[in-house]
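Novice: return atomic coordinates for the entry below.
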Amino acid sequence: MSVNYAAGLSPYADKGKCGLPEIFDPPEELERKVWELAQLVWHSSNVVFHTGAGISTASGIPDFRGPRGVWTMAEQGLTPTFDTTFESAGPSQTHMALVQLERVGLLHFLVSQNVDGLHVRSGFPRDKLAELHGNMFVEECVRCRTQYVRDTVVGTMGLKATGRLCTQTKARGLRACRGELRDTILDWEDALPDRDLTLADEASRNADLSITLGTSLQIRPSGNLPLATKRRGGRLVIVNLQRTKHDRHADLLIHGDVDLVMTRLLGHLGLPVPVWGGPCVLDRALPPLPRPPAPKQKLKEEPKPQPQHNGSSPPSPKREWPDSPASQIPPKKVKKEEGSPS
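Specialist: You can find the predicted model right below:
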C-alpha cells in the first residue's frame, strides 16, 4: 500500500502542502468543461497525460496530500487505515479510460508519478509509459537493464537488491546474464531513471495538449513537465480536486472527481470504458483501432428569459415578412416551465 511505500522512504521535511481543501465545480460547469475537454482531445494531434496518486484512490490506495492522505494524516498525528494491498487493488475507471484512449490513437504518451503498478497491470502499453518514480512490481538487472514485471511486489525499495538474478540470454545456448536484480522504487534523493525521464521530457515538449489527472504537481521535476508543453505553444488542462501550483498556467481547469471526468469524456467521444479482466502486461502498443468521429453532442443551452411586461397587453409578436414561410405556419404552444417569467 501507499502507506507502506511512504513509511519505507527516508525522512524528508519538504513534502509540499498537505490537506488543502477540495473544490468541486457545479454540475453544469463541470459538464461544460468536460465537453470542452473532449473537443480539445479530439482536435489535438499529440496528447500526453500526466497522472498522480489521485487517480488510484478509487482503487483503495490512499493518496498523499489529500484531506485523508498519508502525509496529511501524519501531520495531524493520525495513522491512516486501509484494507487493500497493491496486489489486490484493481485499476480505476480512469486507468481503463486511459487504456481506451491509447487504443484509438487519442493518447500518445502517458507520464506517471505513481508506483502502484496499476497502469502496467491495466494493460497500458509499456513503450508509451514513463514511470518516473518506479513500479512496486518491477525489478531491473543492473548489468543488462532487462526489466521483469512480477505478479507480486518485489519486496524492496530504494533501488536495493531483491535477491534474484537476471535470467536473460542474448542467444540460444549462451549463459544467462545473472546480473543482480534491483527494485525500481526511488527514494527522495535518488535520480529519476534516465530512460523514463528522457521519454517523458520529449513527449511533453512535443505535445500540443498536456492533461494532468489527480496530481498537485508539487514534486520536481515531474510536476514541471506539463509546462514544457505550454512553453512550446501547446495547451494545458489540469484535473484535480485541490489547487495545484500550476493552476495559473492552465487553459482549462477542472475541479471534479477524476473518474467522473474521464467516464464523461469517453461518453462525449462515443467510447466505452473497458472492463478490466485481470492483470495484463503489454510491452508494446498494438496497432490503433479506428479513431472515433468528432464529438457532435451539444451542451443543453440555458432557456432564454422571456421579455417581461406589465400584464395590460400581451407582448408584441415577432413580425414576419409577407413572403416568409413562417407567416403561414400557426404558432406552436409552448408549455412554460415552473418558475419561468411570465
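Novice: just the pLDDT for the residue most central in space within the chain.
Specialist: Compute the mean C-alpha point of the chain, and by C-alpha atoms, centre = their mean the closest residue is L213, 3.4 Å away. Per-residue pLDDT puts L213 at 98.
Novice: just A89 next, same as before
Specialist: 93.
Novice: surely it meets N114?
Specialist: No - counting by C-beta atoms under 8 Å, A89 stays clear of N114, with 11.1 Å between them. Glycine gets a C-beta too; all of them are placed from N, C-alpha and C.
Novice: which neighbours do the two share?
Specialist: S56 (C-beta atoms under 8 Å, 6 or more residues apart in numbering).
Novice: so how far is stretch 84-93 from its chain's centroid?
Specialist: Centroid separation between stretch 84-93 and its chain, computed with C-alpha atoms, centre = their mean, to the nearest Å, is 16 Å.
Novice: picking that back up, more neighbours: A89 and N114, which one.
Specialist: Each of A89 and N114 has its neighbours counted (other C-beta atoms under 10 Å); N114 has more, 25 against 20.
Novice: and that one, what element?
Specialist: Using DSSP states H and E, N114 sits within no helix or strand.
Novice: list the contacts of it.
Specialist: N114 touches 51-53, 55-56, 131, 133, counting by C-beta under 8 Å, 6+ apart.
Novice: what's the closest of those residues to R145?
Specialist: Nearest to R145 out of those is E131 (C-beta to C-beta; 14.7 Å).
Novice: who does the closest one bridge with?
Specialist: Counting by DSSP bridges, E131 is bridged to S112.
Novice: could you check how far it is from H50?
Specialist: Taking C-beta to C-beta, to the nearest Å as the measure, E131 falls 12 Å from H50.
Novice: with N206 instead?
Specialist: To H50, N206 is 14 Å away according to C-beta to C-beta.
Novice: neighbour count: the two, which is higher?
Specialist: Just comparing N206 and H50: by other C-beta under 10 Å the higher neighbour count belongs to H50, 29 against 16.
Novice: give the contact list for that one.
Specialist: Going by C-beta under 8 Å, 6+ apart, H50 touches 110-113, 204, 210-213, 215, 222, 225-226.
Novice: so it sits in a helix?
Specialist: No - using DSSP: H, G, I helix; E, B strand; the rest coil, the secondary structure at H50 is strand, not a helix.
Novice: which residues touch stretch 262-279?
Specialist: 31, 34-35, 37-38, 41-42, 90-91, 93-101, 104, 106, 121-123, 151, 213, 292-293, 295, 297.
Novice: now find how far off-centre it is within its chain.
Specialist: Remark: stretch 262-279 is offset 13 Å from the chain centroid, using C-alpha atoms, centre = their mean.
Novice: alpha carbons only: can I get it in CSV?
Specialist: Output of stretch 262-279 as CSV, limited to C-alpha atoms (Å, rounded to 0.1, in the frame of the first residue of the first chain):
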residue,chain,number,x,y,z
MET,A,262,-12.9,10.6,-17.5
THR,A,263,-16.0,8.5,-17.9
ARG,A,264,-17.9,11.5,-19.2
LEU,A,265,-15.0,12.4,-21.5
LEU,A,266,-15.3,9.0,-23.1
GLY,A,267,-19.0,9.3,-23.3
HIS,A,268,-18.7,12.5,-25.3
LEU,A,269,-16.2,10.7,-27.6
GLY,A,270,-18.6,7.8,-28.1
LEU,A,271,-16.2,5.3,-26.4
PRO,A,272,-16.9,2.7,-23.7
VAL,A,273,-14.7,2.3,-20.6
PRO,A,274,-13.2,-1.1,-21.0
VAL,A,275,-13.9,-3.7,-18.3
TRP,A,276,-10.7,-4.9,-16.5
GLY,A,277,-10.3,-8.7,-16.8
GLY,A,278,-7.3,-9.1,-14.5
PRO,A,279,-3.6,-8.2,-14.6
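Novice: I'm done for today, thanks for sticking with me.
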